[in-house]
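Q: Okay, here's the prediction I keep looking at, along with the sequence it came from:
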Amino acid sequence: MKNSSDPPMASLSSRIQHARILDSLPSAVLALDAGGTIHFANRAAAKILQRDQDRIVGKQVEEVFLPYPFIQQLIEKENPEEQEELSLILPGNREVFLGIQAAPVPLSQGETGTTLHFHEISELLELRKERDRLLELATVGAVMPTILHELKNPLAAITTSVEVLLEDIQEEELKKQLHLVFTEVRRMKLAFEGIGISGRKLRTSSPAAIDHAIREALGIFQSRAMEAGISLEIQIPNLPLLPLDPSVIRAVIYNLVTNALHACSRGCTIQVQAGIEDEQFWIAVIDDGEGMSPQVQERCLEMFFTTKSSGSGIGLALCSNSFRRAGGDIQIESQQGTGTSILLSVPLQPSKLQSNQPRKPLHQESQNG
Ligand SMILES: Nc1ncnc2c1ncn2[C@@H]1O[C@H](COP(=O)(O)OP(=O)(O)O)[C@@H](O)[C@H]1O
Ligand SMILES: [Mg+2]
């Protein structure tokens, strides 16, 4: 309904009002005459071009924005509605990505001017990049189970053959080499388990030797850590049989220790501890490597979040998901330059829901010290 205090339409059509309307738009507008001189710039244009509006008006368009011939090409494009995407270097060497469209405007005396309409698309490009990355990962994820399945059987056959050979062969040098093969094959198996964790449940009905599973998984990392000059300290007490899936625990160890090894350089220490406290099983991997920035720490549990050029960003997400789904929790403490502690805990009886406070305080505590 029309209110009697509404401004009359006439005031909306004054020149000043037109400028105000254009200023209120979130996207940038420039109006050029037939020679490429700018006659109008709205507020959003001034913001993107990082100049005051009155320092844009009166300038040739190439002085503050783009070459005029390029703009004419935009108008003559086969599909002028489609926005052109380009990057622009602004004063102060800041690069912006813009989506831009140009349209002809008939002026008096048969001349034709141009309006340019543009907006920043840096976020859009980021989103597009992220979408492509996720699509790529989804494709890999879709074929992964088949590949893993195909590799499982030959890997098991190789392991068995090497084991048999190891028992039979007497020659020391050959035995040493075979042992290396054996270690690498076991590492491959563990890596497969590390990715294959997603479909499996942490809690099982048949109790298993979890302490043994942890030591077994860690055994594979010992030589790798030693080669890299990183000390791997293991504090795993003998535990009773627990209603947990040893393959999930091995996968967790694989993911956490691999991350710790990535973060550590020569001279660093990685501690792996586990135990039972207040009817909860807990496992902690503590390193004194590079640590995480607060921004990385905030996002590190997100699926597909990675800071590594060849990372997948699934390790921590899979570990925390499998513990949380079983009613457990993950606690991460990290500081850049100091190191990272990751504690996973899960109640041993499903009914005992975990309180927010993990039982075990995280701290660097050397076995030797
Ligand atoms: N122990 C650690 N020290 C430092 N940063 C870590 C550690 N563990 C994980 N991160 C950070 O969390 C990110 C996600 O880890 P993860 O899910 O395992 O994926 P990925 O290892 O493939 O990057 C890593 O890229 C890294 O930035
Ligand atoms: Mg990882």
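A: Good, I have the coordinates. Ligands and ions are numbered 1, 2, ... in the order given.

Q: so who does the closest residue to ligand 2 within the stretch 1-150 of the chain touch?
A: Scanning the stretch 1-150 of the chain for proximity to ligand 2 using Cβ to the ion identifies Leu137 as nearest, at 13.8 Å. Bear in mind the C-beta positions are built from the backbone N, C-alpha and C, glycine included. By Cβ atoms under 8 Å, 6 or more residues apart in numbering, the contact list for Leu137 reads 304, 312.

Q: Could you check how far it is from ligand 1?
A: 11 Å (Cβ to the nearest ligand atom, to the nearest Å).

Q: In which helix or strand does that residue reside?
A: Using DSSP states H and E, Leu137 sits in helix 122-168.

Q: residues of the next helix or strand after that helix that come out buried?
A: Per DSSP H and E, the first helix or strand lying C-terminal to helix 122-168 is helix 172-196. Within helix 172-196, the residues scored as buried using 16 or more other Cβ atoms under 10 Å are 178, 182-183, 185-187, 189-190, 192-196.

Q: so what's Ser122 closest to, chain neighbours aside?
A: The shortest distance from Ser122 to any non-neighbouring residue, by Cβ to Cβ, 6 or more residues apart in numbering, is to Phe97 (4.7 Å).

Q: Just the residues contacting the helix or strand hosting the one you found, thanks.
A: Element membership for Phe97, per DSSP H and E: strand 94-106. Contacts with strand 94-106, where a contact means Cβ under 8 Å, 6+ apart, come from 31, 48, 50, 71, 74-75, 80-90, 112-122, 124-125.

Q: mind checking how far that strand is from the chain centre?
A: From the chain centre to the centre of strand 94-106 is a distance of 32 Å (Cα atoms, centre = their mean, to the nearest Å).

Q: Look up phi and psi at the residue of the chain at minimum distance from ligand 2.
A: Closest residue of the chain to ligand 2, Cβ to the ion: Gly315 (3.0 Å). The phi and psi torsions at Gly315 (degrees, to the nearest 10) take the values phi -60, psi -60.

Q: what's the neighbour count on it?
A: 22 (other Cβ atoms under 10 Å).

Q: show me what contacts the residue lying closest to Ile276 once chain neighbours are set aside?
A: Distances taken as Cβ to Cβ, 6+ apart put Leu239 closest to Ile276, at 6.3 Å, once the chain neighbours are dropped. Leu239 makes contact with 209-211, 274-276, 281, according to Cβ under 8 Å, 6+ apart.

Q: Got the confidence number for Leu239?
A: In this model, Leu239 is scored at 96, pLDDT.

Q: Contact residues of the stretch 251-369 of the chain facing ligand 2?
A: Contact residues (Cβ under 5 Å from the ion) of the stretch 251-369 of the chain with ligand 2: 259, 315.

Q: The stretch 251-369 of the chain against ligand 1: which residues are in contact?
A: Neighbours of ligand 1 within the stretch 251-369 of the chain, by Cβ under 6 Å from any ligand atom: 255, 259-260, 263, 287, 289-292, 296, 300, 305-308, 311-317, 340.

Q: ditto for the stretch 51-200 of the chain
A: Counting by Cβ under 6 Å from any ligand atom, the stretch 51-200 of the chain has no residue next to ligand 1.

Q: pLDDT below threshold where in the stretch 51-200 of the chain?
A: For the stretch 51-200 of the chain, the stretches with pLDDT under 70 are 141, 196-199.

Q: can you do 80?
A: Residues of the stretch 51-200 of the chain meeting the criterion pLDDT under 80: 80, 91, 130, 133-146, 148-149, 190-200.

Q: Might you name the residue of it sitting closest to ligand 1?
A: Gly194 (9.5 Å; Cβ to the nearest ligand atom).

Q: dump the residue contacts of the residue nearest to that residue when sequence neighbours are not counted.
A: Using Cβ to Cβ, 6+ apart and skipping the chain neighbours, the partner closest in space to Gly194 is Tyr254 (3.8 Å). By Cβ under 8 Å, 6+ apart, the contact list for Tyr254 reads 190-191, 193-194, 217.

Q: Now do Gln170 against His179, distance only.
A: 14 Å (Cβ to Cβ, to the nearest Å).

Q: And Gln109, by the same measure?
A: For Gln109 relative to His179 (Cβ to Cβ), the value is 91 Å.

Q: Could you do Lys77 as well?
A: 67 Å.

Q: that older thread, which of the contacts of Tyr254 sit farthest apart?
A: Ala191 and Ala217 (10.8 Å; Cβ to Cβ).

Q: Secondary structure element holding the residue most central in space within the chain?
A: Nearest to the mean C-alpha position of the chain, by Cα atoms, centre = their mean, lies Phe305 at 1.8 Å. Assigned by DSSP H and E, Phe305 falls within no helix or strand.

Q: cool, and Ala274?
A: With DSSP H and E as the criterion, Ala274 is inside strand 269-277.

Q: What strands flank that strand, and is each parallel or antiparallel?
A: Using DSSP bridges, strand 269-277 pairs in its sheet with strand 231-235 (parallel), strand 280-287 (antiparallel).

Q: Quick check: next helix or strand after the longest one?
A: In this case it means strand 280-287. Counting by DSSP H and E, what follows strand 280-287 is helix 294-299.

Q: got the contact list for the helix or strand following that following helix?
A: Tracing the chain past helix 294-299, the next element assigned as helix or strand by DSSP H and E is helix 315-325. For helix 315-325, the external contacting residues (Cβ under 8 Å, 6+ apart) are 194-195, 197-198, 200-202, 248, 251-252, 255-256, 258-259, 300-305, 329-330, 342, 344-346.

Q: What of stretch 38-57?
A: Residues external to stretch 38-57 that are found in contact with it (Cβ under 8 Å, 6+ apart): 19, 22-23, 25-33, 58-61, 64-65, 90-92, 94, 96, 98, 113, 118-120.

Q: Looking at these, which are in helices?
A: 19, 22-23, 61, 64 (DSSP state H).

Q: Thanks a lot, see you next time.
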